[in-house]
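Visitor: can you look at this prediction? I've put the sequence above it.
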Amino acid sequence: MSLAAGSRARHGVPMLRVLAVDDEAPALSELSYLLREDARVEHVATAPDGVKALQDMVQMIGAGERLDGVFLDIRMSGLNGLDLARLIGGFPAPPKLVFVTAHDDCAVQAFELEAVDYLLKPVRPERLAEAVRRLSTAIAAPADEGGGEKDVIPVELGGRTRFIPQQAVWYAEAQGDYVRLHTADGGFLVRMSLSALERRWAGSGFIRAHRSTLVNARHVSELRFDAGRALLKVAAVTLPVSRRHTRQVREQLVHQFRGPAEGRP
């Protein structure tokens, strides 16, 4: 393991200590260089494969060292990135994960593992800088916020990245291995599962209205029943509520808009 020297602080906020993992030496060298160039990163450790990374992390934890995030490739010989991420998830206080890969077909699994970000190679400096920002935000947010109201979803659009704020989303709709985020500016397709998004935004006012729909309660203007079926009006769209989710939707909406029941049983 190699460690960048130096101790930096930014407005009194502790800087990040991260681990970069890749079994391709040039890619690992480039990634670690870019991370060291970021003023928010204090230490950069490197590992040439998943097995060595796991060993190094165990040693760090045993020595009481702090590790905030792991930037890891997915397709590595021996222990691949997804399997390594699952093992990291079993740590008492697991570091946040950022996947850096040349393949875009593992994003669903990555976000199900609660990855902070998913970068495609070759990594652009500005895109890595945004991943570092998201890592810092995720670490600073209280653990019980479930992603927090400032959470954003990165969407790749013709070579550029647009960031969709959580509360700009009216509702999310499952479409195969993708989720379409519906907003006032239109729909945006993201490669992740609806279940992963639901877990990511748990406790942030999003309601599972149907097996294929996750609704932002802040944008619900009406709940009505038609022929025994519940319907939600979200912005200008009417969405069906499955019978299975009807009771939960009603209870969550009542709680959302009435707030804590002071003095009520």
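Guide: All right, it came through fine. Numbers count the residues shown, from 1 in each chain.
Visitor: could you look up the SS state of the closest residue in space to Arg17 that isn't next to it in sequence?
Guide: Distances taken as Cβ to Cβ, 6 or more residues apart in numbering put His43 closest to Arg17, at 4.3 Å, once the chain neighbours are dropped. Backbone N, C-alpha and C define where each C-beta goes, glycine included. Three-state call for His43 (DSSP: H, G, I helix; E, B strand; the rest coil): strand.
Visitor: tally of neighbours for His43?
Guide: Neighbour count for His43, taken as other Cβ atoms under 10 Å: 21.
Visitor: ok, the closest residue to His219 other than its chain neighbours - contacts?
Guide: Spatial nearest neighbour of His219, chain neighbours left out: Trp170 (4.7 Å); criterion: Cβ to Cβ, 6+ apart. Residues near Trp170 by Cβ atoms under 8 Å, 6 or more residues apart in numbering: 182-184, 215-216, 219, 234-235, 237.
Visitor: before we move on, the earlier item: measure the residue nearest to Arg17 to Leu223 for me?
Guide: Using Cβ to Cβ, to the nearest Å, His43 is found at 51 Å from Leu223.
Visitor: try Gly78
Guide: Relative to Leu223, and taking Cβ to Cβ, Gly78 is found at 52 Å.
Visitor: what of Val241?
Guide: In terms of Cβ to Cβ, Val241 sits 8 Å off from Leu223.
Visitor: distance from the chain centre to stretch 207-220, please.
Guide: Here the centre of stretch 207-220 is set off from its chain's centre by 19 Å, with Cα atoms, centre = their mean, to the nearest Å.
Visitor: how about the helices in this structure?
Guide: 25-37, 50-62, 81-88, 107-112, 125-140, 194-200, 243-258 (DSSP state H).
Visitor: so can I have a markdown table of the ones you listed showing mean pLDDT?
Guide: Shown next, in a markdown table, are those (pLDDT from 0 to 100):
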| stretch | mean pLDDT |
| --- | --- |
| helix 25-37 | 97 |
| helix 50-62 | 90 |
| helix 81-88 | 94 |
| helix 107-112 | 79 |
| helix 125-140 | 90 |
| helix 194-200 | 87 |
| helix 243-258 | 78 |
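Visitor: redo those helices as JSON lines? Include mean neighbour count and distance to Gln166.
Guide: Listed next are the helices of the chain as JSON lines, based on neighbours: other Cβ atoms under 10 Å; distance: least, Cβ to Cβ, whole Å:
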{"stretch": "helix 25-37", "mean neighbour count": "17", "distance to Gln166": "26"}
{"stretch": "helix 50-62", "mean neighbour count": "17", "distance to Gln166": "30"}
{"stretch": "helix 81-88", "mean neighbour count": "20", "distance to Gln166": "23"}
{"stretch": "helix 107-112", "mean neighbour count": "21", "distance to Gln166": "14"}
{"stretch": "helix 125-140", "mean neighbour count": "18", "distance to Gln166": "12"}
{"stretch": "helix 194-200", "mean neighbour count": "18", "distance to Gln166": "9"}
{"stretch": "helix 243-258", "mean neighbour count": "14", "distance to Gln166": "15"}
